[in-house]
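**Q** mind folding the following:
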Amino acid sequence: MANVRVFFATNRNHQPQNRREVFGKTFNPDGVAALRFGYADFRPDPEKPVLETLHVYPDILDEPDILKTGGGQFMEDLRQAMAGGPRCDTLVFIHGFNVSFTGALQAGALLAQSLTVADHPLNIVVFSWPSDGAAVPWMSYYSDREDARASGPAIARAFLKFRDYVLALNAQDYCQRRVHLLAHSMGNYVLRQALKALIHKERDSLTRLFDQILMAAPDEDDDSFEHDDKLRLLPRIGRQVTVYFNPNDKGLTVSNRTKANPDRLGSDGPRLVDLLPKKVELVDCRVVAGDADPFVEHSYYLRSQAVIDDMSALMAGDPVEDIPNRTFIERTRAWRLGKEVAVKPARPPRPAPPQNPA
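**A** Got it, this is the predicted structure:
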């Protein structure tokens with residue numbers, strides 16, 4: 001099987017002398033919004049893809065021609081991969097809490113191995129922000145939350161670079177492919193901060209660059225779609241937004257205990273479903289989340305075949321009502337993913353046979 005290529009953008013610190021982690025746990029020394037770009041090639045593996053080579057595009061400053069910058073080279077190579085390779089659409093992935101740089105790329109490689117659009121694999125672009133990548137309860141979470149908040153402008157800057165690149169393309173260079181966005185866990189909080197930065201910089205910059213926006217186990221407030229300074233304007237940058245949630249998600253427990261408002265979007269969905277924009281769909285994953293992630297039930301987006309198939313169908317453009325393995329629950333305005341096994345009532349005990357009189 002051929003190697004899997006994962007493109008990346010990051011605002012982490014570059015440490016080329018470190019062979020184990022080429023990008024570290026802190027911000028780029030040029031600023032929290034300073035970006036580096038590159039790609040990594042992985043040997044496929046169903047559990048843990050093996051990193052074989054990693055290429056970092058040169059950091060060229062003060063270059064007026066965008067195609068000669070590292071970001072321009074990155075976008076041009078990605079465009080060519082979309083236009084001429086076996087992989088058609090592209091998925092941008094923002095990882096969550098407690099993920100190292102290499103771990104984020106490995107997750108991207110797993111997504112590249114499993115997700116398809118019309119039987120074609122996808123190109124994967126990982127945006128890696130400086131999550132600690134160390135499971136130290138409470139301390140790592142607090143640190144990552146602040147780093148996630150600070151990383152919003154970096155994603156906003158990448159979004160604007162992408163928009164300007166697309167607008168500058170000639171008609172013959174436009175590949176007619178689609179770009180999707182997936183954010184997991186605290187990555188959705190990073191996405192919120194990026195949206196705020198875009199609005200602050202240029203409100204009209206909220207142009208629709210994405211087709212599907214997928215929010216998996218979002219570590220976000222359950223009222224996020226009610227406020228402009230949270231996620232109410234998110235549908236403007238995509239054709240459709242889908243929230244995957246799981247009431248049994250133990251991975252959001254840390255977030256619950258460190259916030260005054262414990263209700264999380266990734267646990268029970270939005271607070272007020274009747275006020276949701278029509279472009280927002282909800283998918284309840286409680287039935288399938290434990291199949292591949294039985295202890296925490298937080299990483300089902302990556303390990304559950306039912307969720308992978310559902311996301312693939314969405315990115316293929318299938319109408320939501322035609323996607324298999326779904327049941328619509330009117331009360332919650334959500335699709336329940338997977339078929340629950342009916343529990344048969346216990347058979348009543350047989351009456352004791354009558355005893356013969358003595």
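
**Q** okay, helices next: where are they in the stretch 151-300 of the chain?
**A** Per DSSP state H, counting those that start in this stretch, the stretch 151-300 of the chain carries helices over the ranges 187-201, 253-257, 265-268, 289-292, 300-303.

**Q** same list, those helices, but as CSV with distance to residue 338 please.
**A** The C-beta positions use only the backbone N, C-alpha and C, and glycine is treated the same way. Shown next, in CSV, are these (distance: least, Cβ to Cβ, whole Å):
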stretch, distance to residue 338
helix 187-201, 22
helix 253-257, 23
helix 265-268, 17
helix 289-292, 8
helix 300-303, 11
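
**Q** turn those helices into CSV, including mean pLDDT and distance to residue 318.
**A** CSV is the format used below for those (pLDDT from 0 to 100; distance: least, Cβ to Cβ, whole Å):
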stretch, mean pLDDT, distance to residue 318
helix 187-201, 93, 23
helix 253-257, 64, 32
helix 265-268, 94, 24
helix 289-292, 87, 22
helix 300-303, 94, 18
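
**Q** to residue 34, which of those helices lies closest?
**A** Residue 34 lies closest to helix 187-201 among the helices of the stretch 151-300 of the chain, at 14.2 Å (Cβ to Cβ).

**Q** could you tell me which residues within that closest one count as buried?
**A** 187-199 (16 or more other Cβ atoms under 10 Å).

**Q** who wins for proximity to residue 161 among the helices of the stretch 151-300 of the chain?
**A** Among those, the nearest to residue 161 by Cβ to Cβ is helix 187-201 (12.3 Å).

**Q** what is the least confident helix or strand in the chain?
**A** helix 253-257 (a mean of 64; mean pLDDT, DSSP states H and E).

**Q** spatially nearest residue to residue 202, not counting backbone neighbours?
**A** Leaving aside its sequence neighbours, residue 202 sits nearest to residue 160 (Cβ to Cβ, 6 or more residues apart in numbering; 7.9 Å).

**Q** ok, now which ones touch the one you found?
**A** For residue 160, the contact set (Cβ atoms under 8 Å, 6 or more residues apart in numbering) comprises 198, 201-202, 205.

**Q** secondary structure class of the closest residue to residue 169 other than its chain neighbours, three-state.
**A** Excluding the flanking residues, the one nearest residue 169 by Cβ to Cβ, 6+ apart is residue 79, at 7.8 Å. The local conformation at residue 79, judged by DSSP: H, G, I helix; E, B strand; the rest coil, is helix.

**Q** per-residue pLDDT of residue 79, please?
**A** The model reports residue 79 with a pLDDT of 89.

**Q** got it, and residue 169?
**A** The score at residue 169 is 73. That number is its pLDDT.

**Q** ok, now how distant is it from residue 67?
**A** Using Cβ to Cβ, to the nearest Å, residue 169 is found at 11 Å from residue 67.

**Q** coming back round to it: any idea how far the residue nearest to residue 202 is from residue 237?
**A** 12 Å.

**Q** ok, residue 320 next?
**A** 19 Å.

**Q** who's more crowded, the two?
**A** In this view residue 320 and residue 237 are compared by other Cβ atoms under 10 Å, and residue 237 has more residues nearby, 21 against 15.

**Q** dump the residue contacts of the more buried one.
**A** By Cβ under 8 Å, 6+ apart, the contact list for residue 237 reads 159, 195, 206-210, 213.

**Q** likewise for residue 200?
**A** By Cβ under 8 Å, 6+ apart, the contact set of residue 200 is empty.
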